[in-house]
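> Pasting a predicted model and its sequence here:
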Amino acid sequence: MKEIKIAPSLMCCDFLNLNNEIKDLEKSGVDLFHIDIMDGNFVDNFAMSGTEIKAIKRITNIPLDVHLMIKEPLRYIKYFADAGADIITVHIEACTHIDRILQEIKNNKVKVGVALNPGTSHLLLEPVANYIDVVLIMAVNPGFAGQDFIPSSINKVKKTRDFLNSLGFNNVEIEVDGHIDTQTIPPLYNAGASIFVAGTAGLFYGDRDYKENIKKLRDCI
Ligand code: DX5
Ligand code: ZN
C-alpha cells in the first residue's frame, strides 16, 4: 500500500507560538507544510504571506507547499519562489494566462501545482497537464477552515486520476484540501489522492496532540 503524505495547513497553527508549532509538527512526522496565501479578492479572507514563508524556511527543511488563493498570480511567482516555496499552486480559475504562469513557476525551479475549485472541471487541465507536478482538488470552497466536506470531491478525484493516467501523467500527484480527517481520507485515497492537507477537521482540534492525530490520519487507510 502506498504511503500517504500529510501536509498540515499552517494557517490553523497558534501564530503566537509558531516556532514551537513547526517543531512539534516536524517531530510528529509530517511530509509537507501547506501554506495558504489569500488576497481578500479571489477569496474573502486573508491568510499567510511571504514574510511568514521566509521565517518558516529558516527553521525547517520540510518542503513548503504554497497554495496561492490570489487573482492573477503571475506578478508574485518569483516573490514566493524567492521566499522559499518548494511547490507553488495556482488556481486555474484565477489565471487568464495559465500556460504563461505555469511556465513562470517552472522557470523559477519550483514544483508546479494547479488547484481546482469544487465547481471547476478537471477537463481544463488537459492543455497544461505537461507542466503539472501536483493537482490540488478543493473539497471545500476555498477561503476558510472548518467547512463541511463536499461529497462529490471523491468522484472528482477518481475522474481526475483516470484522466491524468489516460494522458500518460501517472506520476502527477493528487492533493486534497478541505475537511480532511479519518472519514474522508479512505475514500479519497482509494480514488487516487496521495497528499492530504490537514486542518481543523483532522489535526488542529482538541488538545492538539499532533503526533497522535497524525498517526490516526495515517492509520485510517
Ligand atoms: C484553505 C485551507 C483550508 C483549511 C483546511 O485552503 O487549507 O481548507 O485550513 O482544513 P479544514 O477544512 O480541516 O479546516
Ligand atoms: Zn490550502
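Nice, I can see it. Ligands and ions are numbered 1, 2, ... in the order given.
> In space, what's closest to the residue in the chain positioned nearest to ligand 1 - neighbours in sequence excluded?
When scored by C-beta to the nearest ligand atom, the chain has residue 199 as its residue closest to ligand 1, at 1.8 Å. Glycine gets a C-beta too; all of them are placed from N, C-alpha and C. Using C-beta to C-beta, 6 or more residues apart in numbering and skipping the chain neighbours, the partner closest in space to residue 199 is residue 9 (4.1 Å).
> Looking at strand pairing, list the partners for the one you found.
Listed by DSSP bridges, the beta-bridge partners for residue 9 are residue 34.
> Now do the same contact list for the residue of the chain closest to ligand 1.
8-9, 11-12, 145-146, 177-180 (C-beta atoms under 8 Å, 6 or more residues apart in numbering).
> Report the buried members of those.
Buried by 16 or more other C-beta atoms under 10 Å: 8-9, 11-12, 145, 177-180, out of the contacts of residue 199.
> want to try JSON lines for those residues, with distance to residue 115 as columns?
Listed next are these as JSON lines, based on distance: C-beta to C-beta, whole Å:
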{"residue": "8", "distance to residue 115": "18"}
{"residue": "9", "distance to residue 115": "14"}
{"residue": "11", "distance to residue 115": "15"}
{"residue": "12", "distance to residue 115": "18"}
{"residue": "145", "distance to residue 115": "16"}
{"residue": "177", "distance to residue 115": "8"}
{"residue": "178", "distance to residue 115": "11"}
{"residue": "179", "distance to residue 115": "16"}
{"residue": "180", "distance to residue 115": "15"}
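> Looking at the residues you listed, which is nearest ligand 2?
Ranked by distance to ligand 2 (C-beta to the ion), the buried ones among the contacts of residue 199 are led by residue 177 at 4.3 Å.
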